[in-house]
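Trainee: no sequence on this one, just coordinates:
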C-alpha cells in the first residue's frame, strides 16, 4: 500500500472534477486529471488525455499508473437516453477496466445527480416522481436512465476487483468551469451581464413552482469534501449518498439577491416561464461584442453558459428538496450557505475575467 494516495479524477476540467482536484492537492494527494483534450491547468495535477469511448485509448493513457482512488465526475450528453446509456456506461466500464491491471485501486467514487429521482432528460418529471425530500433508499424509476447504467457498471467492477465504492447524488452544482455542459451559476452571471449591457431587467426564466417552492443546491467544494470523505472513511464505503448544501431557499428570495450581486434589476415570475433559450437568442453576437469591450478571457458564450440546462432546472414544475440524513448519520457534517456560494463563484468569475465587473 502506498503511503500517499494517488487519485485519478475523470473529468478534471469540469465543475466537480476541478474543485475535487484542488481539494486533494491541498490535502497532499498525488492527483492525475483525465480529460479528452482540454488542459486541466491546476498546479500539482498531472494530466492525461484520452477518448474514453475507446477502450484501447483509455488503456494506453492509464497503463503503468498505480491509482489508489478513482473519482468519476464526467459524462457525455447525447440526443436520446438510449445513447446516453451506451456512451456513459462505456465511459465507466472502460476506465475501470483500464485501471484494473495495477491491482492498486481501493475505492471508486461516482458522481450522479437528482435525475436518479426525477428521471432522465427525455422523461424528466414525467409519470411517477418520488416525493420530496428525496431519500437514497427509494427504488429506481421505471425509465431507462444512464445513472442507473453507470451504477451497475460500478457495482459489477467492485464485486469483480474488490474495491469499495460510493455514489454521490448532487443537486445543481455551483462552481466554475469553462466548457461545462451544466453550469447554472455561470449561466446566470452571463445572462445578467448581457441583460445589463442591453438595458434589460434580469428576468427569472423558470416556472411558478420553482419561483415559489423550496429547493436546494450543491456547492462544488462541498461535493469534493463529500467524495473525499466517502473514499477515505471505511464506515462510509459501499453506499449511495445525496449531497446538497444543507440549506433550502425559494427562488423568489434568491433571485433579487443574485441580481444585486451582479448589478442588475431583477424581474420575477410573471404569468409564464420565460426560458433563457428564448431570452438569449442573440447571445452569441452580444457576448462577442461585450467580451471585446471588457477584454474578457472567453468570447464564445457557449463555453460559459448552458441555457438548456438552466431552463431545465428552473422550469421544473415539481419541488426538489433533498434529504441528507444518511450522510449525517454516517458522520459527514459539511454544509454551505447557498447564497454565499453564488457570491464566491461570481467573485471568481470576475477575478478570472470571465464576466465583466458589476
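Mentor: That came through, no problem. Not measured: the values here are computed from a predicted model. Numbers count the residues shown, from 1 in each chain.

Trainee: out of everything not next to it in sequence, what's closest to residue 67?
Mentor: With sequence-adjacent residues excluded and distances taken as CB to CB, 6 or more residues apart in numbering, residue 67 is closest to residue 8, at 4.4 Å. In this view, the C-beta of every residue, glycine as well, is placed from N, C-alpha and C.

Trainee: any idea how far the one you found lies from residue 168?
Mentor: As judged by CB to CB, to the nearest Å, residue 8 and residue 168 stand 16 Å apart.

Trainee: From the contact counts, what lies against the lengthiest helix in the chain?
Mentor: Identified as the longest helix of the chain according to DSSP state H is helix 81-99. Based on contacts counted as 3 or more CB pairs under 8 Å, 6 or more residues apart in numbering; DSSP states H and E, the elements that helix 81-99 packs against are strand 6-10, helix 55-62, strand 69-72, helix 146-161.

Trainee: need the next SSE after that helix, C-terminal direction.
Mentor: With elements assigned by DSSP states H and E, the helix or strand that comes after helix 81-99 is strand 107-113.

Trainee: hmm, who's touching the helix or strand following that next one?
Mentor: Taking DSSP H and E as the definition, the helix or strand that follows strand 107-113 towards the C-terminus is helix 115-118. For helix 115-118, contacts defined as CB atoms under 8 Å, 6 or more residues apart in numbering pick out 121, 124-125, 129-130, 134, 138, 140-141, 145, 147-148, 169, 316, 318, 320.

Trainee: switch to 10 Å and redo it
Mentor: Judged by CB atoms under 10 Å, 6 or more residues apart in numbering, the contacts made with helix 115-118 from elsewhere in the structure are 81, 121, 123-126, 129-136, 138, 140-141, 143, 145-148, 151, 167, 169, 240, 242, 312, 316, 318, 320, 322.

Trainee: Tell me which of the residues you listed fall in strands.
Mentor: Counting by DSSP state E, the members of these that fall within strands are 167, 169, 240, 242.

Trainee: Between those residues, which sits nearest residue 355?
Mentor: If you rank these by distance to residue 355 using CB to CB, residue 169 comes first, at 29.4 Å.

Trainee: Tell me who's in contact with the residue nearest to residue 67.
Mentor: Remark: with contacts taken as CB under 10 Å, 6+ apart, residue 8 is in contact with 30-34, 46, 48, 62, 65, 67-72, 95, 98-99, 105, 108.

Trainee: cool, residue 233 as well?
Mentor: 166, 330-332.

Trainee: and with 8 Å instead?
Mentor: The neighbours of residue 233, taking CB under 8 Å, 6+ apart as the test, are 330-331.

Trainee: Could you tell me what pLDDT the model assigned to it?
Mentor: With respect to pLDDT, residue 233 has a value of 97.

Trainee: Poorly predicted segments of the stretch 151-300 of the chain, please.
Mentor: In the predicted model of the stretch 151-300 of the chain, no residue satisfies pLDDT under 70.
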